[in-house]
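1. Generate a structure from the sequence data that follows.
(one chain, ligands or ions: 1)
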Amino acid sequence: MPYSESDDTANKIPDEFYSMNTGAPFDKCLDCERNLLEPGVFYVIEKAIRQYPNFTAKDVLFECAICLNCAERIKNELSKESLKSMVTYYESKVLYSPHMKQSPVLSKCVVSGKPKEELLNYQINALCEGENLSDLQAPYLVSGEVVEEMSDLLSDETRDFLEDYQNQHMGPPEWLEDIPSGGKFVLI
Ligand SMILES: [Zn+2]
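-> As a prediction, this is how the structure comes out:
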């Protein structure tokens, strides 16, 4: 019996990366609206989650799927210094490399190592190709505190740019007056 079938299901996008709005996998790039589910289309899914101690309910602070062409274009808009300090920070601190296939990186912050249960806010990130997770990088989780630290490294200009982008494309949830720590879009 060919075992490629079980391989296929192992690589399927887990439903925690599905769109909250549709309950189905993201199918359109947030920016250029291209179809993401075609084979060979690479894209990232980023979701910011707030959870409450002792409650199972969670809020999605924002969620998006962006094709790599658009992600690259956004990165080109950021100041070089901002990008460099973010990459340096991340690379010097990351504990578990998301490049390790199947690494257990959705149960704790890849930077601080704090277990997911102890976090109030966190972001999860997956590199996908068409209907599947990409082999190139395992999905990973970053705590809200770390996102906040990374955001602090950005120049005012870059932070404004990302905030505008987030407001324009994702809109702040209406029930949310202030985007709390960890709900910031930093394009990790
Ligand atoms: Zn796009």
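
2. separation between Asp59 and the ion?
-> 26 Å (C-beta to the ion, to the nearest Å). For glycine as for every other residue, the C-beta is placed from the backbone atoms N, C-alpha and C.

3. Likewise for Ile13?
-> Distance of Ile13 to the ion, given as C-beta to the ion: 17 Å.

4. can you give me the helices in this protein?
-> For the chain, the helices defined by DSSP state H occupy 4-10, 68-77, 80-93, 144-152, 156-169.

5. just those helices: most buried one?
-> Most buried of these, by mean neighbour count (mean count of other C-beta atoms under 10 Å): helix 144-152, with a mean of 19.

6. tell me the pLDDT at the residue positioned nearest the centre of the chain?
-> For the chain, Glu46 is the residue whose C-alpha lies nearest the centre (C-alpha atoms, centre = their mean; 2.4 Å). Note on Glu46: pLDDT of 93.

7. what pLDDT does the closest residue to it other than its chain neighbours get?
-> Using C-beta to C-beta, 6 or more residues apart in numbering and skipping residues adjacent in sequence, the residue nearest Glu46 is Asn125, 5.2 Å away. For Asn125, the pLDDT comes out at 92.

8. Out of the helices of the chain, which is closest to the ion?
-> Of all those, helix 68-77 sits nearest to the ion, with 3.3 Å by C-beta to the ion.

9. Packing partners of the closest one?
-> If you count contacts as 3 or more C-beta pairs under 8 Å, 6 or more residues apart in numbering; DSSP states H and E, helix 68-77 packs onto strand 42-51.
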